[in-house]
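> Compute the structure for the input listed below.
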Amino acid sequence: VGDAAQFNSPAGIAISPDSSALFVTDHLNDTIRRVEVATGEVTTVASSGRGSVDGVGDAQEFYHPIGLAISPDGSTLLVSSTGGLHHVCVAAPPPPPSFAPIVVPPSTFSADMAKTWGDASLPQGMVTFLVGDDEERVEHVTKANLCARSPVFRTMFGIGMKERDAAEVTVRNTDLATFTALVRYLCTDQLDLGEEEGGRAQRALDLRELAQMYQVPRLELLCAQALQESVAPATAVPLLEAAHTTGDGRLLAQCRRYVADHAAEVRASGGVEQLRDLGVAKGLLGDALDQVAELKGTVAARDVELEKVRA
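Modelled structure (predicted):
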């Protein structure tokens, strides 16, 4: 540390992107040293004797290092030595952007069910739902339980409403499996998205729409959480288009990032052929062009650093 550190003909110097550390070529010791700016602490980041092998830390070999430059992300040093130019990996590159997990609040199921006891305003009996154009049946559902879990059902079966005493209620604009999943959640607190991996994402999209319609916010968050976990090569493009249609900015950003980072896998899965929305296609093309520009900028910056080292 500080004056206790010993160098033998230091030659080149580079500073980390965050200005927290200096990297120094220790010419006659055949090493690269790191100096912490804040504390003066000196450590050896690359040293293994004379040779000419690129590597990570002590796996790197070079003879009499002279000049050096650092990559824009701070992960790699470009070192010139008597044996030529070498790359030294000094840190892992930064991870790609991550998306914070969706936080789902604790269940209120027990407290909701407690409301069904002693409330004279709640309806009596059960109802059968006739779902979709084919009027498929979801039978024998307790009205009071639905009212305790959803303010929309509370209004639907409220005093003075025709549905309060109805034995059957028709539900349009959904399908049997999705509406059954809604009823199952309201009555048991269990989320059912089906077994098929590809179908789970679509079920989560459809069920989230019903959760919004019937004002069940926790179920909506559970579906959003499932969608976040469902982004994969085969689902990224359909979910991207769904997010674009529904205005889900969080899922849209996640899917765009996933497609950019896993382009080959998405293409191999047939994701590109699934594109139907011209707006989404334009957005993906824009992302691709941005990445090309970013790569060109990185290459240009490294070329400049390389010329400095050679000079």
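
> could you pull out the helices for the stretch 101-250 of the chain?
109-114, 143-149, 151-156, 176-188, 197-213, 217-230, 236-246, 249-261 (DSSP state H, counting those that start in this stretch).

> So for the following helix or strand past the last one, what gets flagged as buried?
Counting by DSSP states H and E, the next helix or strand C-terminal to helix 249-261 is helix 263-268. For helix 263-268, a neighbour-count test (16 or more other Cβ atoms under 10 Å) marks 263, 266 as buried. C-betas here are computed from N, CA, C, even on glycine.

> Dump the helices of the stretch 101-250 of the chain to JSON lines, plus distance to residue 27 and mean neighbour count.
Shown next, in JSON lines, are those (distance: least, Cβ to Cβ, whole Å; neighbours: other Cβ atoms under 10 Å):
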{"stretch": "helix 109-114", "distance to residue 27": "70", "mean neighbour count": "13"}
{"stretch": "helix 143-149", "distance to residue 27": "74", "mean neighbour count": "23"}
{"stretch": "helix 151-156", "distance to residue 27": "75", "mean neighbour count": "17"}
{"stretch": "helix 176-188", "distance to residue 27": "69", "mean neighbour count": "19"}
{"stretch": "helix 197-213", "distance to residue 27": "57", "mean neighbour count": "19"}
{"stretch": "helix 217-230", "distance to residue 27": "52", "mean neighbour count": "19"}
{"stretch": "helix 236-246", "distance to residue 27": "50", "mean neighbour count": "21"}
{"stretch": "helix 249-261", "distance to residue 27": "40", "mean neighbour count": "18"}
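
> a markdown table please, covering these and showing distance to residue 88 and mean pLDDT.
Below are the helices of the stretch 101-250 of the chain laid out as a markdown table (distance: least, Cβ to Cβ, whole Å; pLDDT from 0 to 100):
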| stretch | distance to residue 88 | mean pLDDT |
| --- | --- | --- |
| helix 109-114 | 57 | 96 |
| helix 143-149 | 60 | 96 |
| helix 151-156 | 62 | 95 |
| helix 176-188 | 55 | 97 |
| helix 197-213 | 42 | 90 |
| helix 217-230 | 37 | 95 |
| helix 236-246 | 36 | 86 |
| helix 249-261 | 26 | 86 |
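
> and of those, who's closest to residue 46?
helix 249-261 (29.4 Å; Cβ to Cβ).

> Centre of the chain to the closest one, how far?
Mean-position distance between helix 249-261 and its chain equals 7 Å (Cα atoms, centre = their mean, to the nearest Å).

> on that earlier part again, distance to residue 9 for the helices of the stretch 101-250 of the chain - can I get that in JSON lines?
Formatted as JSON lines, those follow (distance: least, Cβ to Cβ, whole Å):
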{"stretch": "helix 109-114", "distance to residue 9": "72"}
{"stretch": "helix 143-149", "distance to residue 9": "76"}
{"stretch": "helix 151-156", "distance to residue 9": "77"}
{"stretch": "helix 176-188", "distance to residue 9": "72"}
{"stretch": "helix 197-213", "distance to residue 9": "61"}
{"stretch": "helix 217-230", "distance to residue 9": "54"}
{"stretch": "helix 236-246", "distance to residue 9": "53"}
{"stretch": "helix 249-261", "distance to residue 9": "43"}
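
> so which of those helices comes closest to residue 73?
helix 249-261 (15.4 Å).

> what helices or strands is that closest one leaning on?
Judged by 3 or more Cβ pairs under 8 Å, 6 or more residues apart in numbering; DSSP states H and E, the packing partners of helix 249-261 are helix 217-230, helix 236-246, helix 278-310.

> Recalculate using a threshold of 6 Å.
Helices and strands touching helix 249-261, by 3 or more Cβ pairs under 6 Å, 6 or more residues apart in numbering; DSSP states H and E, are helix 236-246.

> Convert the helix it packs on to CSV, retaining C-alpha atoms only.
Taking Å, rounded to 0.1, in the frame of the first residue of the first chain, the C-alpha atoms of helix 236-246 are listed here in CSV:
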residue,chain,number,x,y,z
ALA,A,236,-40.9,-13.2,-26.7
VAL,A,237,-42.4,-11.9,-29.9
PRO,A,238,-46.0,-12.8,-29.2
LEU,A,239,-45.7,-11.3,-25.7
LEU,A,240,-44.0,-8.2,-27.2
GLU,A,241,-46.9,-7.7,-29.5
ALA,A,242,-49.4,-8.2,-26.7
ALA,A,243,-47.6,-5.7,-24.5
HIS,A,244,-47.6,-3.2,-27.4
THR,A,245,-51.4,-3.7,-27.8
THR,A,246,-52.2,-3.5,-24.1
